[in-house]
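pasting the sequence and the predicted model now:
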Amino acid sequence: MKLSYRSQICLLVFGACLMVTGCQPEPPQSVSNQKADTPPNVVLIFLDDGAFDDFEPFGDPLYPTPGVKTLAAEGTSYYNFHVPQSVCSASRAALLTGCNPGRTKVFGAHGPTAKGLDPSYATLGEILKQNGYATACFGKWHMGDQPETRSHARGFDETAGLMYSNDMWKFHPENPDYWGQWPLQYWENGKVTIESVDDEDQKMLSTWYTEKAVDFIARKKGQPFFLYVPHSMPHVPIFVSEKFKGKSGTGLYGDVMMELDWSVAQINQAIKDNGLEENTLFIFIGSDNGPWLSYGDHAGITPYREGKGTSFEGGLRNPCVIKYPGVLPAGVDSHKMFASIDLVPVICKLTNSPLPENDIDGKDVWNYITGEENESPQTYYAFSNGTEFQGVISGDGRWKLHLPHQYRTLETGGQGGQPGKYVQHQIDTALFDMIHDPFEKGNVKEIYPEIVDELIEFASQHHKNFYAENTLEVQ
């Protein structure tokens, strides 16, 4: 994997600092820990199968991304943000509930007619709606395709988009006969408005989601609102509207990313135009699970090991920008470790909303990621792939323990929307020092046996709580 020039320089400087002084990266200093006036609006943008290097400042793409670059200049960029599983449904359920997949049992990617997330687990939409927020979800839901589990039944006043991935249709490149059993429907406010999405509809998805988001902001500016925009792109098959076709000069994937960047800019500008910037918490997450590497030129690039569908950093670590004027500093980079499961308690804190009645796994890390506190409230983060629990990361992000498991690695990349080929490899118990080796190249298990023992204890307890029907394998 090619590491961007910016990332190489950052890592070299960071590594030199550690070797010479033994220092830890400086935390961003918050301007003010929390505003005392009205609760903030919340905007949450979540991309599908994006890559770490898709946008500036995280990468150095050959196409311009002024939207995300501007947002980063106005907020704090987090380089050590993780999801607990690098597959669509599991990642989305974790984000909106604050729960690990082992708790909710939402694993992998759920297809048409799947029940998805059990209604006993509250979503962020339900939490904020109960606190008087207007709520909207425009984009890919993928957390259930039953009447009681679709987005309109899970706390969102206004909804529009697909109930699952845009490749789950009759033109799927690998298994069209299977996916063709169900039409890919476009829903609005609990009703089907396009019975079977076609290529022309796919080209408009990013635009439709953006237009609805901008309109919602203008109409709801007089009350607190929660706007969730989980884009369908750049999950394959990738499509782009005519206004961005050929704009990047790098091919279709670059065009798609420029349109998504435009979407970020449009939503950010709508917040400003409606006089809401000072009281809006704006969160941008560049991917739910890293790039789908087998699609080659229709996938992005991550500097980290592997990608979507694995428990390596290429799948779990994704770019994140948080903008909250007057609270978070502008134009700052942070390497503080936190995860998508922490956003529910953080948003509850900042909006003065009660936590859900069900148990959650996320912690209020706000004071930690703003620099008010030096220690994370999380002792560890669990990660999994499908139904298999595969390891833990220490709460501060320093150490990562892989339990023995098989994983897929790319043998040949695909072209033009057709997938390449994966092969299966095996990793045994492995410890990685994520400060000195974020690319997971050198197993230091034999050098730090005490760290291994500590993390195995965390893993054993997690396994006992959520995976008791299986045997925890440690070598």
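Arrived safely.

quick one, helices of the protein?
Under the criterion DSSP state H, the chain contains helices at 5-21, 66-74, 88-97, 101-104, 124-130, 176-179, 199-219, 252-273, 313-316, 343-350, 366-369, 449-466.

and the ones you listed: which comes nearest T409?
Closest approach to T409 among those is made by helix 313-316 (10.3 Å; CB to CB). The C-beta positions use only the backbone N, C-alpha and C, and glycine is treated the same way.

could I get the CA-only coordinates of the closest one as PDB?
The C-alpha trace of helix 313-316 is given here as PDB (Å, rounded to 0.1, in the frame of the first residue of the first chain):
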ATOM      1  CA  GLU A 313      -6.100  -1.500  10.500                       C
ATOM      2  CA  GLY A 314      -7.000  -1.100   6.900                       C
ATOM      3  CA  GLY A 315     -10.500  -2.200   7.800                       C
ATOM      4  CA  LEU A 316     -10.900  -0.900  11.300                       C
END
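
please state the offset of it from the chain centre?
10 Å (CA atoms, centre = their mean, to the nearest Å).

any idea how far Q85 lies from A382?
9 Å (CB to CB, to the nearest Å).

E450 now?
20 Å.

more neighbours, these two?
Applying other CB atoms under 10 Å to E450 and A382 shows that A382 carries more neighbours, namely 26 against 7.

apart from its chain neighbours, what residue comes closest to M337?
G397 (2.7 Å; CB to CB, 6 or more residues apart in numbering).

how about the contacts made by the residue nearest the centre of the chain?
Note on the chain: the residue nearest the mean C-alpha position is D288, at 3.3 Å, using CA atoms, centre = their mean. With contacts defined as CB atoms under 8 Å, 6 or more residues apart in numbering, D288 is in contact with 46-50, 83, 86, 88, 91-92, 95, 230, 318.

could you rerun that using 6 Å?
Listed by CB atoms under 6 Å, 6 or more residues apart in numbering, the contact partners of D288 are 48, 88, 91.

look up how far S248 lies from it.
Distance, D288 to S248, by CB to CB: 22 Å.

any idea which of the contacts of D288 is closest to I456?
Nearest to I456 among those, with distances taken as CB to CB, is S91, at 25.3 Å.

can you put the helices of the chain in JSON lines and add mean pLDDT and distance to F282?
Formatted as JSON lines, those follow (pLDDT from 0 to 100; distance: least, CB to CB, whole Å):
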{"stretch": "helix 5-21", "mean pLDDT": "41", "distance to F282": "22"}
{"stretch": "helix 66-74", "mean pLDDT": "98", "distance to F282": "7"}
{"stretch": "helix 88-97", "mean pLDDT": "98", "distance to F282": "16"}
{"stretch": "helix 101-104", "mean pLDDT": "98", "distance to F282": "27"}
{"stretch": "helix 124-130", "mean pLDDT": "98", "distance to F282": "15"}
{"stretch": "helix 176-179", "mean pLDDT": "93", "distance to F282": "35"}
{"stretch": "helix 199-219", "mean pLDDT": "98", "distance to F282": "11"}
{"stretch": "helix 252-273", "mean pLDDT": "98", "distance to F282": "7"}
{"stretch": "helix 313-316", "mean pLDDT": "98", "distance to F282": "23"}
{"stretch": "helix 343-350", "mean pLDDT": "98", "distance to F282": "12"}
{"stretch": "helix 366-369", "mean pLDDT": "97", "distance to F282": "15"}
{"stretch": "helix 449-466", "mean pLDDT": "96", "distance to F282": "32"}
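
fine by me, thanks again.
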